[in-house]
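A.B. asks: model the structure of this input:
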Amino acid sequence: MMGVTTTAPRPLQHGPGYSWTLLWYLLLSLLFAGVMAFATLQPLKVLPRIGLSPGYALVDQDGQRLTSEDLRGKLVLYNFTYTACTQPCPQTGAAMQAIQAQLAEFETLGLPVQLVTIFFDPARDTPEALRLYSQQWKADPTQWRMVTGDPTHLKHVIGGGFGVYYEGSPNGSYMFDPTFALVDGAGILRARYRTAELDTKVVERDLGLIATEVARSQGPMRLAYEAAPLNPSDLDRGSGRGGSPCCSRVWH
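C.D. replies: Next up, the predicted model:
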């Protein structure tokens, strides 16, 4: 009877390719760990992503259609009012005018900025009334658009989409919360400023934060921005001066 010869298994042989693959995975792991550590240990200043801004189709002071899609790729600052708003109504036009005057000085790394005022009293906010309002605040139509539309659509956009309260009264006045909303180029609502006296320095800072985020959110740095902690207290940024949000639900 023939004997059976057994041999011990040979140890696995790894060629040079295996070593390079292992090294490559090790480098990727270290890079990922470094990015996450940077995001955790050195929190990046990132504006919160509150949610999608509302889609809309409205008409401006020249009777031209403006949609939310027309503004993709731009940083947009919105405010909300009506043309019959007079003292002591919380007039936000002056704040938008101040922002417009300083836009050229803001560092947005090439990202265009658009100002849009949405009027919620279409019965009186006619194209002619919007043009007069535009002239009153010296609005540059290439930078600052005045728009309005159907009352039901406006309620969905302003109240439901931007979270801004307003309500009309039988005498034609409105009760509303003076609010500004900042939307990024992807159509994401990034900040609400519940105040009639907007601090231009705060807006300049926030525009700069978004511009920097866009510039740096490429490759590995994108992970850091997505992992950066967000502060829920920033969702409504009030006046930007450290105080509580402006509360002005008063009939005007």
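A.B. asks: now do the strands in the stretch 151-252 of the chain.
C.D. replies: Taking DSSP state E, counting those that start in this stretch, the strands of the stretch 151-252 of the chain run over residues 166-168, 174-176, 180-183, 188-193.
A.B. asks: could these go into CSV alongside distance to Asp121?
C.D. replies: (Glycine included, C-beta is placed from N, CA and C.) Shown next, in CSV, are these (distance: least, Cβ to Cβ, whole Å):
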stretch, distance to Asp121
strand 166-168, 7
strand 174-176, 7
strand 180-183, 19
strand 188-193, 21
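A.B. asks: out of the ones you listed, which is the most enclosed?
C.D. replies: Ranked by mean neighbour count, the strands of the stretch 151-252 of the chain are led by strand 180-183 with a mean of 25 (mean count of other Cβ atoms under 10 Å).
A.B. asks: re earlier: adding mean pLDDT and distance to Arg65, write the strands of the stretch 151-252 of the chain out as a markdown table.
C.D. replies: Shown next, in a markdown table, are these (pLDDT from 0 to 100; distance: least, Cβ to Cβ, whole Å):
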| stretch | mean pLDDT | distance to Arg65 |
| --- | --- | --- |
| strand 166-168 | 95 | 23 |
| strand 174-176 | 95 | 25 |
| strand 180-183 | 98 | 19 |
| strand 188-193 | 96 | 22 |
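A.B. asks: contacting residues around Thr126?
C.D. replies: Counting by Cβ atoms under 8 Å, 6 or more residues apart in numbering, Thr126 touches no other residue.
A.B. asks: I'd say Ile50 and Arg192 touch.
C.D. replies: Yes. Ile50 is in contact with Arg192 according to Cβ atoms under 8 Å; the separation is 7.2 Å.
A.B. asks: what are the boundaries of the helices in the stretch 101-250 of the chain?
C.D. replies: For the stretch 101-250 of the chain, the helices defined by DSSP state H, counting those that start in this stretch occupy 127-136, 151-154, 200-216, 220-227.
A.B. asks: of these, which is nearest Leu77?
C.D. replies: The closest of the helices of the stretch 101-250 of the chain to Leu77 is helix 200-216. By Cβ to Cβ, the value is 6.7 Å.
A.B. asks: okay, how far is it across stretch 144-158, tip to tip?
C.D. replies: Across stretch 144-158, the terminal residues are separated by 18 Å (Cα to Cα, to the nearest Å).
A.B. asks: list the contacts of that stretch.
C.D. replies: Residues from elsewhere that reach stretch 144-158 (Cβ under 8 Å, 6+ apart): 54, 56-61, 66, 80, 96, 100, 114-122, 125, 130-131, 133-134, 137, 139, 164, 166.
A.B. asks: any quick PyMOL command for the buried ones out of those residues?
C.D. replies: Filtering the contacts of stretch 144-158 down to the buried ones (16 or more other Cβ atoms under 10 Å) takes a single PyMOL command:
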select buried, resi 54+56+58+59+60+61+66+80+96+100+114+115+116+117+118+119+120+121+122+125+130+131+133+134+137+139+164+166
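A.B. asks: among the contacts of stretch 144-158, name the ones in strands.
C.D. replies: With DSSP state E as the criterion, strands contain 57-60, 66, 80, 114-119, 166 from among the contacts of stretch 144-158.
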